[in-house]
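Undergrad: Fold the following.
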Amino acid sequence: MRILSLNIWGVPNATHRHRRVRDFADMLQANADHYDVVCLQECFVAKDVAALTRAARRGNLGHSHVFRNGAGCWGSNSPGMVVFSRFPIRSARLCRFACSGKVHKLHQMDGMHHKAIGLAVLDGGDLGLLCVYVTHFVAVYSTGDTNDEYYAHRLMQAREAARFIRDTSRDASLVVVCGDLNAQPSHPVYEHLVAAAGLSDTGYDLGFATYARPGNPYVHDTPERIDYVLWRSGSAAWSVTCAGIDADTDRRTVSDHAGVFAEFEMDGAESVSHPGCATNASMTKHNLHMVSVLKNAIAECAERTNAHRTWTACCVVVVVVAACVYRCAPWLAPLAASLGVLHFVVYGVYCGEEMSSLVQAHNELAIELRCRQENADELGDGFEFACVMLAMGHCE
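TA: Numbering: from 1, shown residues only. Purely as a prediction, here's the structure:
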């Protein structure tokens, strides 16, 4: 089985989007590399999806599924994830991540389309059931983990994705996870997903960049490897026979990313133990790191929430004052009321949801780590000390 994963950079205002979609449609129609499955990310615009679907059908990829999630924009309510397949799609599921960007930062679009992980269960005939997952983690808008406002979000997404993969792949012959993780192989986000879901990387030893590759005219950032085809055997034993950069997507620059592909071959009837499975000690290390990150994110969210409350209160006061001097400044009351409503919505809709999701994830991890807390929402030094002691093997 040959599979391709590509972040097609289908943002509505992306440079040369129409030309790039046409070029990739030509590639799908020709299907010169005989792909059995193609997984796309950032394919947001409905017209682009329709054009690519028609081309895929002519390229022997007759089955497709577009994952739907969130309000979206520009004629699309999709998180940008699409699967084309030669094999019939028996079922499909979507897991929407609890935290995914900020709804009031419209220019980032992550909060609007909402990140998720999708599953397409393919009927591979003699190959068995093939569980193909496609995902896209929230983007990085600043350099360094300390300045990354979505670091905790991305770690939570890795944890949720790993749990969804474990819960939905029990009957699979082969598990394949395609997507843009916005994290390099040395990053804790990547490490947590691979360890928690028991996955291996098809291109781990190749050392290639998938984003901002040399010669790509659309981006001049530092080249990074953030796009992956991850896998593990299920009820049958599989092996990776070939993996790497898809040359056509790279040469024709259909995106600011290059496509990555992998080829799998079934070895036998029975599964083998997989080296990607993490030990309890390894997962404890990852979970402790996540608890620390979540604690910082909760503190930052609380500070932001208090700021919005203060601004809302100030706007209410201004509205009262403006009512007294309405004749002098008739525009002041509507302006203050609008600002007050805006801050209330940001606080009530976004900050409250983000805080709830962060605390819930933190408390779930506290249970997994078997640390005692007098109050699950008290994130004090006592809990942090207990985590350190647990990691050293001194307590449960």
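Undergrad: residue closest to the middle of the protein?
TA: For the chain, F137 is the residue whose C-alpha lies nearest the centre (Cα atoms, centre = their mean; 2.0 Å).
Undergrad: Is it correct that that one is in contact with V177?
TA: No - with contact defined as Cβ atoms under 8 Å, F137 does not reach V177; the gap is 11.8 Å. (Each C-beta comes from the backbone N, C-alpha and C, glycine too.)
Undergrad: just checking, what packs against the longest helix along the chain?
TA: The longest helix of the chain (DSSP state H) is helix 280-324. If you count contacts as 3 or more Cβ pairs under 8 Å, 6 or more residues apart in numbering; DSSP states H and E, helix 280-324 packs onto helix 151-168, helix 188-197, helix 332-345, helix 352-368, helix 381-391.
Undergrad: Tell me which strands the helix or strand following the first one pairs with, and in which orientation.
TA: In other words, helix 151-168. Counting by DSSP states H and E, the next helix or strand C-terminal to helix 151-168 is strand 174-180. Using DSSP bridges, strand 174-180 pairs in its sheet with strand 129-136 (parallel), strand 227-233 (antiparallel).
Undergrad: what's the average pLDDT for strand 174-180?
TA: On average, the pLDDT along strand 174-180 is 97.
Undergrad: ok now that strand, how far from the chain's centre?
TA: On the basis of Cα atoms, centre = their mean, to the nearest Å, strand 174-180 sits 12 Å off its chain's mean C-alpha point.
Undergrad: How about stretch 94-102?
TA: 8 Å.
Undergrad: contacts for it?
TA: Stretch 94-102 is contacted from outside by 67-70, 108-112, 114-119, 138-139, 150, 152-153, 156-157, 160-161, 164, 350, 354, 357-358, 360-361, using Cβ atoms under 8 Å, 6 or more residues apart in numbering.
Undergrad: remind me which residues of the chain are low pLDDT?
TA: Under the criterion pLDDT under 70, the flagged ranges of the chain are 70-77, 102-112, 143-146, 268-281, 315-316, 318-333, 335-337, 339-349, 371-396.
Undergrad: what about 80?
TA: In the predicted model of the chain, residues 69-78, 100-113, 142-147, 205-207, 268-282, 284, 304-353, 356, 366-396 satisfy pLDDT under 80.
Undergrad: P217: what's it in contact with?
TA: For P217, the contact set (Cβ under 8 Å, 6+ apart) comprises T253.
Undergrad: State whether it is indeed within a strand.
TA: No - judged by DSSP: H, G, I helix; E, B strand; the rest coil, P217 forms no part of a strand; its state is coil.
Undergrad: State the number of residues packed around T15.
TA: Using other Cβ atoms under 10 Å, T15 has 12 neighbouring residues.
Undergrad: and what of the one 3 residues further on?
TA: When counting by other Cβ under 10 Å, one arrives at 12 neighbours for H18.
Undergrad: same check, this time on R54
TA: R54: 14 surrounding residues under other Cβ under 10 Å.
Undergrad: now do N147
TA: The number of residues packed near N147 is 10, by other Cβ under 10 Å.
Undergrad: How about the secondary structure of it?
TA: Classification of N147 by three-state DSSP places it in coil.
Undergrad: Contacts only, for it.
TA: By Cβ under 8 Å, 6+ apart, the contact set of N147 is empty.
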